[in-house]
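In: just need the structure, nothing else, for what follows:
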Amino acid sequence: MVLWVFGYGSLVWNPGFDFDEKMMGFIRDYRRVFDLACIDHRGTPENPARTLTLEPKEGSICWGAAYCIRGGPEKEKEAMEYLERRECEYDQKTIVDFYKDEGSMEPTLTGVLVFTSTPDKLLNKYYLGPAPLEQMASQIATASGPCGNNRDYLFRLEKALFDIGHEEDMVIELANEVRNVLGKVGKKKLIGPTTHLPFMSFISGVQVHPLAEAAVAIDS
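Out: Coordinates of the predicted model:
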């Protein structure tokens, strides 16, 4: 039994569980979007954070980190229990393939289990949906929760993608707009601890169970 966990958000820099191997790669026909509310990690029910989920988009690729968990059913169960608690806002799991080489159509891993969200505000209370750039930036700049503030979540994603050599224009644009909001706030007090801002500032519905060789993709 081998479990692979793919992270496209905070798992890229903070997996939070014991793993045996790390592999950089991507999934096809999905893109990151900041359309999911977080009310218990980097936001509150009164001021929810905007965190990542996946949106189907033909031709898109979403880079991240895959983590291998070996050691039998107990170790796998421990990891899954942790991920289920961490990803409680996600109400769907979808099976996809994982790739390492953009030039190849043959997946490196199959049976990748991705935590995703129903894109319907009536069916999924955590789904915020898309919003104008300025509105998302204002929300991200001010939201904060027990695990930290929302803006650091975005800035750390920006840096993580830079570090693996796969920056995304959407992430850079949103991060720079958040910096603009923070600049306008100036000396006004922000919710949560002070974040450092300099990085990249120069750039203006099926529930399944893991099987052998399965991989899981999540974010928090």
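In: and stretch 156-172, how far out from the chain's middle?
Out: Put simply, stretch 156-172 sits 12 Å off its chain's centre (C-alpha atoms, centre = their mean, to the nearest Å).
In: give me the buried positions along that stretch.
Out: For stretch 156-172, a neighbour-count test (16 or more other C-beta atoms under 10 Å) marks 156, 157, 158, 159, 160, 161, 162, 167, 168, 171, 172 as buried. Where you see a C-beta, it was placed from the backbone N, CA and C, and this is true even at glycine.
In: which ones among those residues map onto helices?
Out: Judged by DSSP state H, helices contain the following of the buried residues of stretch 156-172: 156, 157, 158, 159, 160, 161, 162, 171, 172.
In: closest one to residue 28 out of the buried residues of stretch 156-172, please.
Out: The nearest member of the buried residues of stretch 156-172 to residue 28, counting by C-beta to C-beta, is residue 168 at 15.0 Å.
In: what's near enough to touch that closest one?
Out: Shown in contact with residue 168 (C-beta atoms under 8 Å, 6 or more residues apart in numbering): 32, 161.
In: can you map out the helices along this protein?
Out: Under the criterion DSSP H, the chain contains helices at 73-86, 133-142, 150-163, 169-185.
In: winner for burial among these?
Out: helix 150-163 (a mean of 22; mean count of other C-beta atoms under 10 Å).
In: for that helix, packing partners?
Out: Here helix 150-163 touches strand 49-69, helix 133-142, helix 169-185, going by 3 or more C-beta pairs under 8 Å, 6 or more residues apart in numbering; DSSP states H and E.
In: mind exporting the C-alpha coordinates of it to PDB?
Out: Coordinates of each C-alpha in helix 150-163 appear next as PDB, following Å, rounded to 0.1, in the frame of the first residue of the first chain:
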ATOM      1  CA  ASN A 150      -4.800  35.300   4.700                       C
ATOM      2  CA  ARG A 151      -2.200  37.400   3.000                       C
ATOM      3  CA  ASP A 152       0.700  35.300   4.200                       C
ATOM      4  CA  TYR A 153      -1.100  32.200   2.700                       C
ATOM      5  CA  LEU A 154      -1.100  34.000  -0.700                       C
ATOM      6  CA  PHE A 155       2.500  35.300  -0.400                       C
ATOM      7  CA  ARG A 156       3.900  31.900   0.600                       C
ATOM      8  CA  LEU A 157       2.100  30.300  -2.400                       C
ATOM      9  CA  GLU A 158       3.700  33.000  -4.600                       C
ATOM     10  CA  LYS A 159       7.100  32.200  -3.200                       C
ATOM     11  CA  ALA A 160       6.600  28.400  -3.300                       C
ATOM     12  CA  LEU A 161       5.700  28.600  -7.000                       C
ATOM     13  CA  PHE A 162       8.700  30.800  -7.700                       C
ATOM     14  CA  ASP A 163      11.000  28.400  -5.800                       C
END
